[in-house]
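K.L.:
Show me how the following folds:
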Amino acid sequence: MFVSPDEDPRSNGGFDDERSMLIGYLRDYRLTLEMKCSGLGPEELARRSVPPSTMSLLGLVCHMADVEQNWFRRVMAGQDVPRIYSSKEDPDGDFNGAVADPKAVAEAWHTWRSEVRFAEQFVADSSDLAARGRMRDGGTISLREVLLHMVEEYARHCGHADLLRERIDGRVGQ
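P.N.:
Numbering: from 1, shown residues only. You can find the predicted model right below:
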């Protein structure tokens with residue numbers, strides 16, 4: 001296991017309402033991604049899964065920074081900001097650009113944490129989960145649905161992180 005139950009920073013559930021449940025589960029999955037990457041150096045974080053996949057733990061960190069930015073800055077807050085890693089020219093830039101460079105690793109973590117902080121503050125400042133954001137196609141989406149989508153997105157990618165970590169050093173578990 002990555003961490004003993006007594007030292008696990010994640011919650012044990014017990015959320016009393018919809019808001020705390022969505023925020024709590026999202027927080028726990030964000031922590032899980034960090035835990036899956038803990039103790040690894042740049043080479044290990046950038047290690048690809050299996051050809052032809054470009055997936056790596058570092059790529060997942062970059063991908064989730066893009067995802068956080070898209071849903072909270074662009075869709076919910078309406079900010080017109082350029083994508084961080086992905087682009088029209090390289091839609092998989094989050095994974096393709098994940099290289100075994102200490103500076104790239106530090107920047108990826110800094111960027112991801114900055115986007116998480118923005119998202120957490122945005123949610124804290126939003127009094128209504130029914131608040132709507134505008135998507136690229138002109139449709140709208142509620143903050144409630146974005147939070148649920150983010151839980152799903154992290155859950156899926158934490159599953160990928162499980163397999164990637166096991167392939168790197170055999171560690172499995174929390």
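K.L.:
Let me know the helix or strand that the spatially most central residue of the chain is in.
P.N.:
Nearest to the geometric centre of the chain sits Met64, at 3.4 Å (C-alpha atoms, centre = their mean). Assigned by DSSP states H and E, Met64 belongs to helix 57-68.
K.L.:
For that helix, which outside residues touch it?
P.N.:
Applying C-beta atoms under 8 Å, 6 or more residues apart in numbering, the contact partners of helix 57-68 are 33, 36-37, 40, 42, 44-47, 83-86, 93-99, 104-105, 108-109, 111-112, 114-116, 118-119, 150, 153-154, 157, 160-161, 164-165, 168. Where C-beta positions appear, they are placed from N, C-alpha and C, glycine not excepted.
K.L.:
Next secondary structure after it?
P.N.:
Toward the C-terminus, helix 57-68 is succeeded by helix 93-96 as the next helix or strand (DSSP H and E).
K.L.:
Please identify the buried residues of that next one?
P.N.:
93-95 (16 or more other C-beta atoms under 10 Å).
K.L.:
For this structure, which segments are assigned as helices?
P.N.:
Counting by DSSP state H, one finds helices in the chain at the ranges 18-37, 42-46, 57-68, 93-96, 102-125, 143-169.
K.L.:
Format the CA atom coordinates belonging to the first one as CSV.
P.N.:
Backbone C-alpha positions of helix 18-37 (Å, rounded to 0.1, in the frame of the first residue of the first chain) are rendered in CSV as follows:
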residue,chain,number,x,y,z
GLU,A,18,-24.5,17.2,-2.0
ARG,A,19,-22.0,20.1,-2.1
SER,A,20,-19.6,18.6,0.5
MET,A,21,-19.9,15.2,-1.2
LEU,A,22,-18.9,16.5,-4.6
ILE,A,23,-16.1,18.7,-3.2
GLY,A,24,-14.9,15.9,-0.9
TYR,A,25,-14.8,13.2,-3.5
LEU,A,26,-13.0,15.5,-6.0
ARG,A,27,-10.5,16.5,-3.3
ASP,A,28,-9.8,12.8,-2.5
TYR,A,29,-9.2,11.9,-6.1
ARG,A,30,-6.9,14.9,-6.6
LEU,A,31,-5.0,13.6,-3.5
THR,A,32,-5.0,10.1,-5.0
LEU,A,33,-3.3,11.3,-8.2
GLU,A,34,-0.6,13.0,-6.1
MET,A,35,-0.1,9.9,-4.0
LYS,A,36,0.3,7.7,-7.1
CYS,A,37,3.1,9.9,-8.3
